[in-house]
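Enquirer: sequence isn't available, so here's the structure alone:
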């Protein structure tokens, strides 16, 4: 089914009030690891996925594959996958950093009512490879765009999202029994957050503060 | 300089009116290849970059590196880089597809007043590698998040963005004389668009239509 697109509607106006609110949305979108266990309406999740698919994609390839993970056994395997990877990551730090790392809560797998594994299908298909010849990684980047869109749309509904990357992607693919050529982009937890804040948790916990963007701008 | 963050302000409310407008923003954000040549105020570009840096990043690593490209000679080299890669890409298609590909306008390098090359610095630094051990590609994904944030913020200002991936990233890095370990994520054109639309150009031109997201949702 093709989503209907209006061909010549009046372009919307985005005014300063909207832009101010949009910046608030960017500021208050957090990576959430502390969830309440309240369910999210399944229709709401589908609505968020519909909006996520409005993201740009290279060659209009729409390479996103969203897997809703509900099975208890699969969730337990994914939890164990995280635990192994997190223990391994901890071993890379020493002294105060290791102590601090061990105190960080880096996922909300046990509380979040909704789990989504998001993959990229890198096979040429839709879009016929347009734009992806010299930079094939743009297919995965398109999926990242969908996740970021989902993240903002969720936050605007008061729903928090946490992106877990401390995971073995090959094991996860096996746990979920998805095609071998799919590549994991992110494992997402969604749920209502226990708190709302505009401060990144890793900043607040003393792991990494925010640096002014001017440090990252160059001229050529 | 550390960006000031308020610690316990009242959380903003995002209502249905805002969410409706946000969806319009997602729908009317386009990959723009047809620009007017009017300049963008330099302060406006810096404002957009400031907002881009509100994007999430793995381990709060902030690995984005924004290069403003103004030099005429460098821009000409980048134009030639695109032309070579585009001719090479065209050779992959045959018959009707090749004819159609040849008619597509895939970049607005000549008209766009602002060019930004966006790189990821994958060296462990800020964030000390947190979250990036099993999936180091999440550093590049963080930069994609910044680009998507910039894209939305620009569109809300009436500024269009076009993302060029038909480019040889190693040659581009040499053209711009940036550190060897940086990796190109995207080459961006910014400017005021010649038209506003909610329909992806590759859909309108008959290259690839939009597929309903339900085709891409799975359950496990």
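Expert: Received the coordinates, thanks. Predicted, not measured: the structure shown is a model, and the values here were computed from it.
Enquirer: make it CA atoms for all contacts and neighbour counts henceforth
Expert: Fine.
Enquirer: helices of chain A, start to end?
Expert: For chain A, the helices defined by DSSP state H occupy A:16-28, A:42-52, A:72-90, A:95-103, A:138-156, A:169-176, A:201-204.
Enquirer: close to chain B, is the shortest one?
Expert: Yep, that's helix A:201-204 we're talking about. Yes - contact between helix A:201-204 and chain B, assessed by CA under 8 Å from any CA of the partner chain, occurs at A:202, A:203.
Enquirer: for that helix, which outside residues touch it?
Expert: A:31, A:208, A:209, A:210, B:59, B:60 (CA atoms under 8 Å, 6 or more residues apart in numbering or on different chains).
Enquirer: what about the fourth one, how many residues close to it?
Expert: Read that as residue A:210. 21 (other CA atoms under 10 Å in any protein chain shown).
Enquirer: close enough to count as contact, it and residue B:60?
Expert: Yes - counting by CA atoms under 8 Å, residue A:210 touches residue B:60, with 7.5 Å between them.
Enquirer: please work out which residues outside stretch A:17-26 touch it.
Expert: Contacts of stretch A:17-26 (CA under 8 Å, 6+ apart): A:152, A:155-156, B:12, B:18, B:21-22, B:51, B:54-55, B:149, B:153, B:156-157.
Enquirer: list only buried entries from those.
Expert: A:152, A:155-156, B:18, B:21-22, B:51, B:54-55, B:149, B:153, B:156-157 (16 or more other CA atoms under 10 Å in any protein chain shown).
Enquirer: follow-up on the earlier one: mean pLDDT added to the helices of chain A, as a markdown table?
Expert: Shown next, in a markdown table, are those (pLDDT from 0 to 100):
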| stretch | mean pLDDT |
| --- | --- |
| helix A:16-28 | 98 |
| helix A:42-52 | 98 |
| helix A:72-90 | 98 |
| helix A:95-103 | 97 |
| helix A:138-156 | 98 |
| helix A:169-176 | 98 |
| helix A:201-204 | 95 |
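Enquirer: helices or strands up against the biggest strand by length in chain A?
Expert: Using DSSP state E to define each element, chain A has its longest strand at strand A:183-191. Taking 3 or more CA pairs under 8 Å, 6 or more residues apart in numbering or on different chains; DSSP states H and E as contact, the helices and strands that strand A:183-191 lies on are strand A:114-120, helix A:138-156, strand A:160-164, helix A:169-176.
Enquirer: go again with 10 Å.
Expert: strand A:64-68, strand A:114-120, helix A:138-156, strand A:160-164, helix A:169-176, helix B:138-156 (3 or more CA pairs under 10 Å, 6 or more residues apart in numbering or on different chains; DSSP states H and E).
Enquirer: dump the ones you listed to CSV, plus distance to residue B:179.
Expert: Formatted as CSV, these follow (distance: least, CA to CA, whole Å):
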stretch, distance to residue B:179
strand A:64-68, 32
strand A:114-120, 29
helix A:138-156, 21
strand A:160-164, 29
helix A:169-176, 30
helix B:138-156, 16
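Enquirer: out of those, nearest to residue B:42?
Expert: helix B:138-156 (13.2 Å; CA to CA).
Enquirer: quick one: is the closest one near chain A?
Expert: Yes - judged by CA under 10 Å from any CA of the partner chain, helix B:138-156 and chain A are in contact via B:138, B:140-149, B:151-156.
Enquirer: residue A:107 contacts residue A:166, doesn't it?
Expert: Yes - the pair residue A:107 / residue A:166 is scored as a contact, 9.0 Å apart, by CA atoms under 10 Å.
Enquirer: what touches both of the two?
Expert: Each of residue A:82 lies in contact with both residue A:107 and residue A:166 under the rule CA atoms under 10 Å, 6 or more residues apart in numbering or on different chains.
Enquirer: which of the two has more neighbours?
Expert: In this view residue A:107 and residue A:166 are compared by other CA under 10 Å, and residue A:166 has more residues nearby, 25 against 22.
Enquirer: give me the phi and psi for the more buried one.
Expert: phi -90, psi 80 (degrees, to the nearest 10).
Enquirer: mind listing what the residue nearest to it when sequence neighbours are not counted touches?
Expert: Leaving out its chain neighbours, the residue that sits closest to residue A:166 by CA to CA, 6 or more residues apart in numbering or on different chains is residue B:131, at 5.3 Å. Shown in contact with residue B:131 (CA under 10 Å, 6+ apart): A:85-86, A:89, A:106, A:163-167, B:57-61, B:138-139.
Enquirer: and residue A:50, by the same measure?
Expert: A:44, A:146, A:150, B:212, B:213, B:214.
Enquirer: residue A:15 too?
Expert: So, once contact is read as CA under 10 Å, 6+ apart, residue A:15 ends up touching B:156, B:157, B:158.
Enquirer: switch to 8 Å and redo it
Expert: B:156, B:157 are the contacts of residue A:15 under CA under 8 Å, 6+ apart.
Enquirer: how close does it get to residue B:191?
Expert: 18 Å (CA to CA, to the nearest Å).
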